[in-house]
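**Student:** With the input below, show me the fold.
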Amino acid sequence: MMQLQEKYFRGSDLITGGSGLVGSSLSGGMKPTSKELNLLSPTSTIEWFEKNNPTRVVHCAGRVGGIKANMDKKATFFRENILMSLNLFEACRVYNVKKVVSFLSTCIFPDKATYPLTPEQITAGPPHPSNYGYAYAKRMLHIQSMAYREEYGMNVVSLVPCNIYGPHDNFNLTTSHVLPALIHKFYLAQKDNNVVEIWGSGKEKREFLFSEDLNDIVTWALDEYDDEAPLIVSPSEEYEIGEVVEIIKEEFDFTGTVFYNGNMSGQMRKPSDSSKFYEIAKPKLTPLDQGIRKTIKWFVKNYKKAKT
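**Tutor:** Sure, this is the predicted structure:
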């Protein structure tokens, strides 16, 4: 396979969730708002497809959130993500969409998985109890992809990214993922001279993928990846949350107190096997410190319009 090169999406490509973290990083294509294309409604979805006739689809839309949101809204996360995928895939079938690329999540893997994570383990046990609503919805997207491929011959492929971060992320302190939440916390603490509370011990490890790297990854997948097996898309290095905290702390030049609350903790680590991705796509990914600095600069500059 060729090394990833910067490409743009076709005018007939549909990108769902185009205003979100992932969708906003993709250049070109049709990006209808949720009012224009309401994936929770089968009628709205069919009507939009009838009018616009997309030829390829990148499914980025979804109800997402961090630890607390996943704990508090399990039924909501399950219901809405299931409905979006059901309605979208059926419209793709009816209107003969040539290819669908959808996003899974590393949270679909079993809580007691063997590391590193591999696609073969996706259904090998229950996910972590903190986010099982979202996790099972994403598992059903995987099952749905296999079923539509088998029964209808639909070319559906799945990418499994690790923790995506970057400009246009959700920075809400209640519903965001760990990295944007940390950025927002340090931003506020720097202004008000407050203590920064970190959920967890700081020893938890995660892989982080900068959103601006996704444009090349997804265009490559649309053009060249046709395997049934989900493709794990992640950097090859894990970082402790405490290391991420130090990068953000340094960028904000924060000299106040940082407190780790071990009562609010998720899984300790979720390393994944991205060797196939590196072998066939040969990506060049943005280093974590560079991506965080870019994200902080965007957030500070766009604070009033950011999702906070």
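**Student:** So, low pLDDT: which residues of the protein?
**Tutor:** Where the chain drops to pLDDT under 70, the residues are 1-7, 65-67, 69, 264-267.
**Student:** Going along the chain, name the strands of the protein.
**Tutor:** With DSSP state E as the criterion, the chain has strands at 9-16, 28-30, 56-59, 99-103, 156-161, 163-165, 196-199, 205-206, 208-210, 231-233, 239-240, 258-261.
**Student:** Just put those strands in JSON lines and tack on distance to Ile122.
**Tutor:** (C-beta placed from N, C-alpha, C; glycine too.) JSON lines is the format used below for these (distance: least, C-beta to C-beta, whole Å):
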{"stretch": "strand 9-16", "distance to Ile122": "22"}
{"stretch": "strand 28-30", "distance to Ile122": "28"}
{"stretch": "strand 56-59", "distance to Ile122": "17"}
{"stretch": "strand 99-103", "distance to Ile122": "14"}
{"stretch": "strand 156-161", "distance to Ile122": "8"}
{"stretch": "strand 163-165", "distance to Ile122": "18"}
{"stretch": "strand 196-199", "distance to Ile122": "26"}
{"stretch": "strand 205-206", "distance to Ile122": "19"}
{"stretch": "strand 208-210", "distance to Ile122": "19"}
{"stretch": "strand 231-233", "distance to Ile122": "10"}
{"stretch": "strand 239-240", "distance to Ile122": "24"}
{"stretch": "strand 258-261", "distance to Ile122": "31"}
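**Student:** For Arg293, which non-adjacent residue is closest in space?
**Tutor:** Leaving aside its sequence neighbours, Arg293 sits nearest to Glu251 (C-beta to C-beta, 6 or more residues apart in numbering; 5.7 Å).
**Student:** and if you look at Phe186?
**Tutor:** Closest to Phe186 by C-beta to C-beta, 6+ apart is Phe252, at 4.7 Å.
**Student:** Ala113: what's it in contact with?
**Tutor:** Gln121, Ala124, Gly125, Lys270 (C-beta atoms under 8 Å, 6 or more residues apart in numbering).
**Student:** let's see 7 Å
**Tutor:** Ala113 makes contact with Gln121, Ala124, Gly125, according to C-beta atoms under 7 Å, 6 or more residues apart in numbering.
**Student:** One more: Ile292?
**Tutor:** So Ile292 contacts Ile247, Ile248, Glu251 (C-beta under 7 Å, 6+ apart).
**Student:** Apply 8 Å and report the result again.
**Tutor:** Going by C-beta under 8 Å, 6+ apart, Ile292 touches Tyr165, Leu179, Ile183, Val244, Ile247, Ile248, Glu251.
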